[in-house]
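Visitor: fold the stuff below for me.
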Amino acid sequence: MDFLFSARLRSFRAVIRLNLSLVIPQGEKMSSDKGPGVRLPPPLIFIFFIALGLLLDRYWPLLKGWPASGHIPVLVLLICGLGLLAASLYQFWRHKTHVEPWQPASSLICNGIFAYSRNPIYLGFILLTLALGGWLESVWVCLSSLPSTLTLYRYVIVREEAYLERRFGQPYLDYKQRVRRWL
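Guide: Here you go, the predicted structure:
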């Protein structure tokens with residue numbers, strides 16, 4: 001019985017090795033690639049600052065009585081933000097790589113929405129924050145996108161870009177030169 005189990009285990013390991021060799025260039029080990037070292041999940045950064053904006057709005061509201069036409073821009077921001085997120089997630093799924101910034105990248109995505117922005121997911125988060133602020137008629141929630149973006153840049157984007165330079169080298173540097181960070 002142990003012989004049968006160990007034979008199946010060896011077969012499973014061989015399949016895994018073959019699949020990894022198709023994704024990871026020769027000479028690189030999966031275990032040595034620990035990813036960019038991001039510790040703060042980007043959605044939590046935005047949620048924290050949105051909550052802080054809501055708290056400030058409750059005790060120190062800046063502006064009440066937004067214009068009646070304010071709902072149209074909110075809808076546009078919402079649709080654009082959700083569209084960017086959907087297009088980005090589709091590209092990650094299509095390329096079979098991790099969307100989580102603390103996981104190692106298996107491929108460099110340079111097409112689709114990523115041909116126009118290096119950070120379309122984060123841009124989508126910013127637009128959704130602005131849409132939420134407009135819907136709640138909260139200047140503080142809208143303003144929360146500023147510290148969210150600065151924190152994101154400092155603790156996520158800088159690490160991701162350094163990691164991608166190490167991981168993909170010249171192809172990433174060429175991509176970085178061709179495509180802007182935001183738009």
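Visitor: tell me which residues are up against the helix or strand harbouring C142.
Guide: Per DSSP states H and E: C142 is located in helix 139-143. Contacts to helix 139-143, defined as CB atoms under 8 Å, 6 or more residues apart in numbering, come from residues 50, 52-54, 56-57, 60-63, 129-130, 132-134. In short, each C-beta sits where N, CA and C put it, glycine included.
Visitor: now stretch 46-57
Guide: 125, 128-129, 132-133, 136, 138-145, 147-148, 151-152.
Visitor: so which bits of that stretch are buried?
Guide: In terms of neighbour count (16 or more other CB atoms under 10 Å), stretch 46-57 has its buried residues at 46, 49-50, 52-54, 56-57.
Visitor: now tell me which of those residues the prediction trusts least.
Guide: Among the buried residues of stretch 46-57, D57 carries the weakest pLDDT, at 93.
Visitor: sec struct for that residue, please.
Guide: helix (DSSP: H, G, I helix; E, B strand; the rest coil).
Visitor: any idea how far it is from F125?
Guide: Taking CB to CB, to the nearest Å as the measure, D57 falls 19 Å from F125.
Visitor: burial count for the closest residue to I157 other than its chain neighbours?
Guide: Of all residues not flanking I157 in the chain, N119 sits nearest, at 6.5 Å (CB to CB, 6 or more residues apart in numbering). Using other CB atoms under 10 Å, N119 is surrounded by 25 other residues.
Visitor: V179 is in contact with N119, correct?
Guide: No - using CB atoms under 8 Å, N119 makes no contact with V179, being 9.8 Å away.
Visitor: just the buried ones from the contacts of stretch 46-57, in PyMOL syntax?
Guide: To isolate the buried ones among the contacts of stretch 46-57 in PyMOL, judged by 16+ other CB under 10 Å, type:
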select buried, resi 125+128+129+132+133+136+138+139+140+141+142+143+144+145+148+151+152
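Visitor: out of the contacts of helix 139-143, what pair is the most spread apart?
Guide: Farthest apart among the contacts of helix 139-143 by CB to CB are W60 and L130. That separation is 19.7 Å.
Visitor: who's more crowded, these two?
Guide: L130 (21 against 8).
Visitor: relative to S144, how far out is the more buried one?
Guide: According to CB to CB, L130 and S144 sit 9 Å apart.
Visitor: cool, I121 as well?
Guide: For I121 relative to S144 (CB to CB), the value is 18 Å.
Visitor: what do you get for I45?
Guide: For I45 relative to S144 (CB to CB), the value is 10 Å.
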